[in-house]
Structure formats: structure tokens, C-alpha cells
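Engineer: Let me see the structure of the following:
(chains A and B)
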Number of protein chains: 2
Amino acid sequence: MDDLIMLGHGGGGRLTSELVHDLFLKNFRNSHLEPLNDSALLTVDQKSLSFTTDSYTVNPIFFPGGNIGSLAVHGTVNDLAMSGACPLYLSAGFIIEEGFRLADLEKIVISMATAAQSSGVQIVTGDTKVVPKGMADGIYINTAGIGVHEKLPFGPQRIKKDDLIIVNGTIGDHGAAVITSREEGFPESTIISDASSLNHLVLKLQKNSVNIHCLRDATRGGAGGVLAELAEQSRTHLQIEEKSLPVKEEVRGFAEIYGLEPLFLANEGKMLLFCPADEAEKVIQIMKHDPLGKNAAIIGRVVEENQPTGRVIMKTLIGGERIIDQPSGDLVPRIC
Amino acid sequence: MDDLIMLGHGGGGRLTSELVHDLFLKNFRNSHLEPLNDSALLTVDQKSLSFTTDSYTVNPIFFPGGNIGSLAVHGTVNDLAMSGACPLYLSAGFIIEEGFRLADLEKIVISMATAAQSSGVQIVTGDTKVVPKGMADGIYINTAGIGVHEKLPFGPQRIKKDDLIIVNGTIGDHGAAVITSREEGFPESTIISDASSLNHLVLKLQKNSVNIHCLRDATRGGAGGVLAELAEQSRTHLQIEEKSLPVKEEVRGFAEIYGLEPLFLANEGKMLLFCPADEAEKVIQIMKHDPLGKNAAIIGRVVEENQPTGRVIMKTLIGGERIIDQPSGDLVPRIC
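Structural biologist: Down below sits the predicted model:
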């Protein structure tokens, strides 16, 4: 094993998945880890908890619509909310490069505090490490989170044939915002990250007794990568319609120039929801009444269940069919 | 605020403490964070949980007695055990530099799995990020952890006048091992890190109904730094005896050559225990029957309580008195 870690191992696509299966799952194997959901489901004294972690290395640290601090709160809150848990507590672990401006750290910390407050979570424990100049890129932040379940947790194991697939709005905004702010070629770009905590919207759906089968936030790998992953985990075949995918005009334009696809651009405030077909209208109505769901759309459905392997097929604009797979390389490194 | 982050801000001493108070606590303030213990005490459905996080950036990654992976498990397990919690679940967040050897990653992961198994915890959720070459120093690992409480949690608020202070063995081993393995000047050094999980030893004390008032692992800042911190948090005056401090001969020799003090060298398998004087003999007996406590010793006592500020005085070998303060700079960067 003389192989080296490549950027793609952290890209959330095929290489990441191989690393997770062949190294992490193989060595750490246990029933909580095995489902490989974004959060682990734990039982403590008959109470169900979700527990999750994410390290954030986004470049640049400040981008339109947020910064690494707000992202670290929203991202981890969302990982908890996606399991149906009510997010309660976050930890924050900082790795800071020597020479980083304290004023920038303060901005980041204030954004975290604001994001935590608006999400209804508390940052309850933390850690700070400083590494010498040149041993990091400014700042990296890890947030772990704990949430509690009132009801049965959502998850890919509950995805069923004929479920509809809904997204709560336009896709690709975060990826496009980070890339445009990274380079100097887009001085007039108006693309803004969608980074936001989705837990309140999820709670609204729960309070309205929506029968949610599965929720997943479409972060690294974008909606396409996450759907491919969910198809694999649930052993279902999914079909999505290209014409139904909500994409902002400026994101579409940006993606075309760069040869990227919005379907594979990261989101930080978008989730894919699976529910029985007769629940879909209610979901869309609830979402459209929320600022975080006003562009919600049904984008596809589950066409087969109990398959040997999962598969996602997209009906293209021109009427063809195309397999949507997990991206194999690293489309956009350090997007979160 | 044009100040810059210095290595000392991550050293666990005075600068870290200022950053934590003036920035993190100020912005994140809540009742769980405020005690600033190594883990936060949470209540979920009337059950007490401890929740903690630590990022590990130790240099070198492999050192005598362990590596960054085993350290990341032992360190976080210990932070939970110190509150009296039974550690159950860990998360693992990896930030890996592009070009890192997969074989080394495998070694690290296997060490984590072994350490987790021997500590009786499960790694239940994780995350992998890869940053471009030159943006990290090989690998950084964050572990967050959850433990449950059967009994009243320990903590500095329970430290009382006349409590005795006990350490479970020799101090400074981890710090000395990491420094000697970092440089080429010590090819024949026999100093080995004490990195190990203390939860089983803590459980033994609990099962024997020892009335523990406070436990804290003496990591960054060493036994001296941690005592100074505890004195501050408990508003007590502590007195320790230099002649009672257990220090290995080779560590003492190394420290003298380098002008360092074992009292301020990091440990990763040592804890400071506060208990009523009439419990001390029992504690020492239990510890001495455990491989992790065979050099246990009473090193001091609490001489005053309810003070406006905390203070630690050391009676020196030559009969003088010396104030032991939190180290102000960064004695040894990236020790954990």
C-alpha cells in the first residue's frame, strides 16, 4: 500500500466512499457506524440521540453568504436535522495557523454564535490548537453535534418504491459562490451561498405530521452525488427529471462557462426529501411557505426497490437517459 | 484588534485561557460551556451526559508509545472519564494533507481501532477532508466524545479545603517522548509516552465508592498548568511538595538538559485527583494495584477555599516556596 492520499479522497465522491469502506468502516466497524449516515443513531437510556461530526476547510474562509464559522454551525445542525433529530449541542474544535488575524477569528466566532442562536443550538465545549505558519491554510474548524429524537429516525432504510423525491430549492448555489469568490474572474458575480440551518424547516414538516422516509442534505458531491449515495444505501433505483431541477440562472450560466454541472455542485442549505407520493403536495406547500423552501420542487421518484445495487437515472432535457453516479474525482476541493 | 494568533494561543497556558475567555466564552456563553471543564455536562431526558472535543496536531505523528490516532482516542476518552462519565461513543474527523501515505493512514486508523476497543468505546461517526499539499502537516484528527453519568459528576466546584491531591504516576513522560522523537539529538532515548485511556482506572475507583471531588487529566500545560487552572476554577489555594512529585529518572535528566520542568511537560495518561484526606489511602491502594497507577503519589493538598482568586504554591526541595502559574507562552507546541 504505497498509495498516496489525493484531493479526491476528501471530495465526497467515489474515492471518499472507497476510503470510508476499505479503511474506516473496516477497522472501526460497529452497528452505529455501519449505516454510514451523516449522523450516528445512538440509544442512551432508551432515548435516541444523533451524533455527527464534520471538519470544515473551506477556501476562501469568507465567501458570499457566509464564512467557515457559520458554515461549521449550519452544516452540522443540518446533518442532525436530516436524521429527524432536534439539534441541541455543538462542540467546536479550532485548528488555527500561527499569524492568523485575531480580528478575522473574532468575525468567525461571532458568525458561529449568530448561526447557533438562530438554529437554536448551543456551543457547549471546544478546543483550540495553533499550528506553525505554513502548516494550515488560515483556519480549520471541526464541529460535532448532538440531537435528540422525539420520533422514529429518518434514513435510507425507509426509502420505498414510488416515493417522490423533493428538493427545497435551487441547487449548486454554495459551490458556485465559493468558486467565484476564490478566483478573480468574477468581480461582479451575484451568486450567494445558500448556507443555512434547515432544522426549523424540518421541524415544521414534523409538526405537520409529514411521513418523511429519508432526508439528506446535498453537500459535497451535490444533489447528484448524494442521490447516487442514497440509491446505493437503500438499494433502490431512482429516476430524476433534468427539467424539474431548480437552478438559478446565474448559477446555470456560471456552470456552463466552467464546464461544471449544478447537479454536482455543493449545497449547504438544500436537502433531498423522500416521502410517499400522497404526502408530496403537503411537503411542497409547507416548504413554499418558508423562506428556505420557496423554490421547492419534486425532482424525481423511486422506481425500484430491493435491488442488488442502487442506481440513479436522469431523464435529460432532450429526452435521453443518463446514469448519475457519484463523482469519481474531486470536482471542487475544499468546498466545505 | 490587529493582533495575530501566536503558537502560544494553542499552548494550553495563559494565552489560551485569555482567548477562551475573551473570545469564545464571551460569544458562545451558555451554562454548559461556562464551567470551562474539559467536557460539557448536558442533561438529556433526565440523563446526564458529558460531551467533549479535541483536535490533535501532534508532531511527530508517530512517537514512542503511540501515534496521533491512539492519542486522539485516549485523550478524548480521558476528558470524559475525568468528569466521572463512562465514555461510550467517539466521532473522528480527519484533515489529511494531499500526498499523505495511505499506509501511514492505515497504521493510524488501526491504532485508533485498537485504542477504542481497549477503552471500551465505539467510533460511530466520522468525516474526511483532504487539503492541498502544504496546507497541513500530514494529518490532523479531531475526536469528539459522549459519555454517560451514573453518579454525580466530578468537577472543580466540589474541591474542598483539606482535600488531598493525588497523581496516578510519573509526570512529564508524554511531553518528553514527543520532544525527543522530534529531534535527532536523542537516538538512544528510552522515554516512552504514557498515552493511555484512564477510564477503566476511574471506574475502579468509582466501583470502590471512592468519594472523588475532582479529576483532571494533566495534558497541555502539564500537572503544574492544570493545577493552576483548577485552583482558579475552584477559587482555592493549593500547596504541592516538589519532593513528592513522581518523575522518571530519564525524564528528569532530559528536562534538565533542555531547561524544562517535568511539572509543565504534557501527560496523556496522568490525572490529578482531589479527595477528602480520609479517602486518600484507599485511592493510593487501588491505583497501585493497576498498571496505570503503580507510581501513584499524594503530591499536595488544598489549604484554603472560597478565595477571591486561585493560587498554587510549591514547597521546593530546598525548603523555599514558589508560585506555580499557568505557563504564559507555548512551552512545547503541538504536543497533542
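
Engineer: Tell me how many other residues surround residue A:233.
Structural biologist: Counted with other Cβ atoms under 10 Å in any protein chain shown, residues neighbouring residue A:233 total 18. Just so you know, the C-beta spots here come from the backbone N, C-alpha and C atoms, and that holds for glycine as well.

Engineer: Show me where the stretch 1-150 of chain A has its strands.
Structural biologist: Per DSSP state E, counting those that start in this stretch, the stretch 1-150 of chain A carries strands over the ranges A:40-44, A:47-56, A:62-63, A:66-67, A:86-97, A:122-131, A:139-148.

Engineer: near chain B, anything from the longest one?
Structural biologist: In this case it means strand A:86-97. Yes - counting by Cβ under 8 Å from any Cβ of the partner chain, chain B has neighbours in strand A:86-97: A:88, A:89, A:91, A:92, A:93, A:94, A:95, A:96, A:97.

Engineer: If residue A:86 is in a bridge, with which residues?
Structural biologist: Taking DSSP bridges as the rule, residue A:86 bridges to residue A:148.

Engineer: of the residues of strand A:86-97 next to chain B, closest to residue B:186?
Structural biologist: Proximity of the residues of strand A:86-97 next to chain B to residue B:186 (Cβ to Cβ) peaks at residue A:95, which lies at 27.6 Å.

Engineer: Flag the shaky bits of the stretch 1-150 of chain A, pLDDT-wise.
Structural biologist: Counting by pLDDT under 70, the stretch 1-150 of chain A has low-confidence residues at A:1-2.

Engineer: Go through the helix or strand hosting residue A:228 and flag the buried ones.
Structural biologist: Residue A:228 is part of helix A:222-234, with elements assigned from DSSP states H and E. Using 16 or more other Cβ atoms under 10 Å in any protein chain shown as the test for burial, helix A:222-234 gives A:222-234.

Engineer: just checking, residue A:74 touches residue A:119?
Structural biologist: Yes - using Cβ atoms under 8 Å, residue A:74 makes contact with residue A:119 at a distance of 7.1 Å.

Engineer: what residues do the two have in common as contacts?
Structural biologist: residue A:197 (Cβ atoms under 8 Å, 6 or more residues apart in numbering or on different chains).

Engineer: More neighbours: which of these two?
Structural biologist: Higher neighbour count among residue A:74 and residue A:119: residue A:74, with 29 against 23, using other Cβ under 10 Å.

Engineer: Quick one: residues in contact with stretch A:42-54.
Structural biologist: Applying Cβ under 8 Å, 6+ apart, the external contacts of stretch A:42-54 come out as A:32, A:38-41, A:72, A:75-76, A:79-80, A:83-85, A:142-149, A:153, A:336, B:44-45, B:47, B:49, B:88-89, B:91-93, B:124-127, B:142, B:144, B:146, B:148.

Engineer: burial of residue A:120, as a residue count?
Structural biologist: By other Cβ under 10 Å, 14 other residues sit near residue A:120.

Engineer: Tell me which residues touch residue A:135, please.
Structural biologist: Counting by Cβ under 8 Å, 6+ apart, residue A:135 makes contact with A:97, A:98, B:57, B:136, B:137.

Engineer: And the third one, how far from chain A?
Structural biologist: Taking Cβ to the nearest Cβ, to the nearest Å as the measure, residue B:57 and chain A are separated by 5 Å.

Engineer: what about that residue, how many residues close to it?
Structural biologist: Neighbourhood size, residue B:57 [other Cβ under 10 Å]: 27.

Engineer: so what pLDDT did residue A:331 get?
Structural biologist: pLDDT recorded at residue A:331 is 62.

Engineer: err, residue A:185, not the other one
Structural biologist: On pLDDT, residue A:185 comes in at 67.

Engineer: So the one residue sitting closest to the centre of chain A: helix, strand or coil?
Structural biologist: What sits nearest the mean C-alpha location of chain A, by Cα atoms, centre = their mean, is residue A:219, with 2.9 Å. Look at residue A:219: counting by DSSP: H, G, I helix; E, B strand; the rest coil, its state is coil.

Engineer: I figured it hits residue A:12, correct?
Structural biologist: Yes - Residue A:219 lies in contact with residue A:12 (Cβ under 8 Å); the separation is 7.1 Å.

Engineer: Show me whatever sits in contact with both of these two.
Structural biologist: Residues touching both residue A:219 and residue A:12 (Cβ under 8 Å, 6+ apart) are residue A:266.

Engineer: which parts of the stretch 101-250 of chain A sit against chain B?
Structural biologist: By the rule Cβ under 8 Å from any Cβ, the part of the stretch 101-250 of chain A lying against chain B is A:101-103, A:105-106, A:109-110, A:112-113, A:116, A:122-132, A:134-137, A:140, A:142, A:144, A:146, A:148.

Engineer: again, only using 6 Å
Structural biologist: Counting by Cβ under 6 Å from any Cβ of the partner chain, the residues of the stretch 101-250 of chain A lying close to chain B are A:102-103, A:109-110, A:113, A:122-131, A:135-137, A:140, A:142, A:144, A:148.

Engineer: Where do the domain boundaries of chain A fall?
Structural biologist: With automatic domain parsing as the criterion, the domains of chain A are listed as A:7-148, A:156-324.

Engineer: Residue B:20 is nearest to which of these?
Structural biologist: Among the domains of chain A, domain A:7-148 comes nearest to residue B:20, with 7.1 Å by Cβ to Cβ.

Engineer: Ends of the closest one, what's the gap?
Structural biologist: Terminal residues of domain A:7-148 are spaced 34 Å apart (Cα to Cα, to the nearest Å).

Engineer: How many residues are close by the residue nearest to residue A:221 when sequence neighbours are not counted?
Structural biologist: Nearest non-adjacent residue to residue A:221, counting by Cβ to Cβ, 6 or more residues apart in numbering or on different chains: residue A:12, 4.1 Å away. Residue A:12 has 28 neighbours, counted by other Cβ under 10 Å.

Engineer: mind checking how far residue A:12 is from residue A:218?
Structural biologist: 10 Å (Cβ to Cβ, to the nearest Å).

Engineer: can you tell me the residue of the stretch 151-300 of chain A closest to chain B?
Structural biologist: When distances are taken as Cβ to the nearest Cβ, the stretch 151-300 of chain A reaches nearest to chain B at residue A:220, 9.2 Å away.

Engineer: okay but that residue is in contact with residue A:12, surely?
Structural biologist: Yes - counting by Cβ atoms under 6 Å, residue A:220 sits close enough to residue A:12 to count as a contact (2.7 Å).

Engineer: pLDDT weak spots in the stretch 151-300 of chain A?
Structural biologist: Checking the stretch 151-300 of chain A against pLDDT under 70 turns up A:185, A:187.

Engineer: Would you map the helices across it?
Structural biologist: For the stretch 151-300 of chain A, the helices defined by DSSP state H, counting those that start in this stretch occupy A:173-182, A:199-207, A:222-234, A:249-258, A:280-288.

Engineer: can you list those in a markdown table and add distance to residue B:172?
Structural biologist: Shown next, in a markdown table, are the helices of the stretch 151-300 of chain A (distance: least, Cβ to Cβ, whole Å):
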| stretch | distance to residue B:172 |
| --- | --- |
| helix A:173-182 | 45 |
| helix A:199-207 | 45 |
| helix A:222-234 | 47 |
| helix A:249-258 | 54 |
| helix A:280-288 | 58 |
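
Engineer: Out of those, the one nearest residue B:250 is which?
Structural biologist: Residue B:250 lies closest, by Cβ to Cβ, to one member of the helices of the stretch 151-300 of chain A: helix A:173-182, at 50.3 Å.
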